[in-house]
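Visitor: Build the 3D model from these lines:
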Amino acid sequence: MNDIAPIGRPAPTDLRGTSRTRSSEDQSTSPTRQGDQVEFSDAARLLSQLRQLPDVRQHLVDNVRAAIADGTYETDEKISAAVDGLLGELASEV
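Guide: Sure thing, here's the model as predicted:
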């Protein structure tokens, strides 16, 4: 006989007419249930961050590529700013 009562119905009774649910004593000795946990992998975190990045503005990429091809992209100011930024990053790592 199936001892599992359907949801919303009382538990079946045994031959003596008592309910077959666990007593408070039985329930106090049972282990407590912990809540569910979710853990995200590093790959899932990275994908989540990638989805938050803005879309590529292709027209800007095309303009920079054209300037590099023409030789007009690299100016002394841009090279100086790039070197200063690189030196600043290297100094902060030490």
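Visitor: For the protein, which segments are assigned as helices?
Guide: Read by DSSP state H, the chain holds these helices, from start to end of the chain: 24-29, 42-51, 58-70, 76-93.
Visitor: Return the member of the ones you listed having the minimum mean pLDDT.
Guide: Of all those, helix 24-29 carries the lowest average pLDDT, namely a mean of 53.
Visitor: buried sites along stretch 85-94?
Guide: Of the residues in stretch 85-94, none has enough neighbours to count as buried (16 or more other Cβ atoms under 10 Å). Bear in mind the C-beta positions are built from the backbone N, C-alpha and C, glycine included.
Visitor: can you pull the alpha-carbon coordinates of that stretch into CSV?
Guide: C-alpha atoms of stretch 85-94 as CSV (Å, rounded to 0.1, in the frame of the first residue of the first chain):
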residue,chain,number,x,y,z
GLY,A,85,49.5,55.5,-19.4
LEU,A,86,51.8,52.4,-19.7
LEU,A,87,54.3,53.9,-17.3
GLY,A,88,51.6,54.8,-14.9
GLU,A,89,50.3,51.2,-14.9
LEU,A,90,53.7,49.8,-14.4
ALA,A,91,54.5,52.1,-11.5
SER,A,92,51.2,51.2,-9.8
GLU,A,93,52.0,47.4,-10.0
VAL,A,94,55.3,47.8,-8.1
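Visitor: Give me the contact list for it.
Guide: Counting by Cβ atoms under 8 Å, 6 or more residues apart in numbering, stretch 85-94 makes contact with no residue outside itself.
Visitor: before we move on, the earlier item: of all the helices of the chain, which lies closest to residue 35?
Guide: Ranking the helices of the chain by proximity to residue 35 (Cβ to Cβ) places helix 24-29 first, at 18.4 Å.
Visitor: Same list, the helices of the chain, but as a markdown table with distance to residue 7 please.
Guide: Formatted as a markdown table, these follow (distance: least, Cβ to Cβ, whole Å):
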| stretch | distance to residue 7 |
| --- | --- |
| helix 24-29 | 19 |
| helix 42-51 | 34 |
| helix 58-70 | 56 |
| helix 76-93 | 61 |
